[in-house]
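**Q** Structure for the following, please:
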Amino acid sequence: RLLVTLFTKAECHLCDVAKAVMKRSSIQHTLVQVNIADSTNQLWFDRYKYDIPVLHLNGKYLAKHRITEEAFETALQAELAGQFSSPEGDPNPDIDAGPTPKTDC
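**A** Got it, this is the predicted structure:
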């Protein structure tokens with residue numbers, strides 16, 4: 001199972017672009033959106049406030065700001081093969097925000 005988490009907030013144009021890229025994927029996946037502006041997600045806000053959209057794949061950092069269709073498909077295929085590892089660039093990894101919330105925007 002491929003679970004993609006999109007850390008987002010209202011009126012985020014780059015988030016809309018990332019969602020469009022993911023929607024065009026030929027690989028089945030589940031998308032969960034986490035609104036970092038929600039008061040229950042304060043630690044995620046602290047971690048990602050300057051970097052949305054941020055994407056996680058099965059709980060592992062995948063990308064921030066932008067993702068191409070090719071990069072998204074490659075990551076999904078790697079995860080299916082058990083070979084995905086997070087790339088460099090996870091914003092503020094020193095802030096432990098806890099487990100990824102499972103709430104939609």
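**Q** roughly how far out does the helix or strand of the chain with the lowest mean pLDDT sit from the chain middle?
**A** Across the helices and strands of the chain, mean confidence by mean pLDDT, DSSP states H and E is lowest for helix 42-48: a mean of 94. The chain centroid and the centroid of helix 42-48 are separated by 13 Å, computed with CA atoms, centre = their mean, to the nearest Å.
**Q** Pull the residues that contact that helix.
**A** With CB atoms under 8 Å, 6 or more residues apart in numbering as the test, helix 42-48 has contacts from 7, 34, 36-37, 54, 64, 91-92, 95-98, 101. Glycine gets a C-beta too; all of them are placed from N, C-alpha and C.
**Q** Please, a ChimeraX command that selects the buried ones among those residues?
**A** Buried subset of the contacts of helix 42-48, written as a ChimeraX selection, criterion 16 or more other CB atoms under 10 Å:
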select :7,34,36,37,54,64,91,97,101
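**Q** I am finished for the moment; much appreciated.
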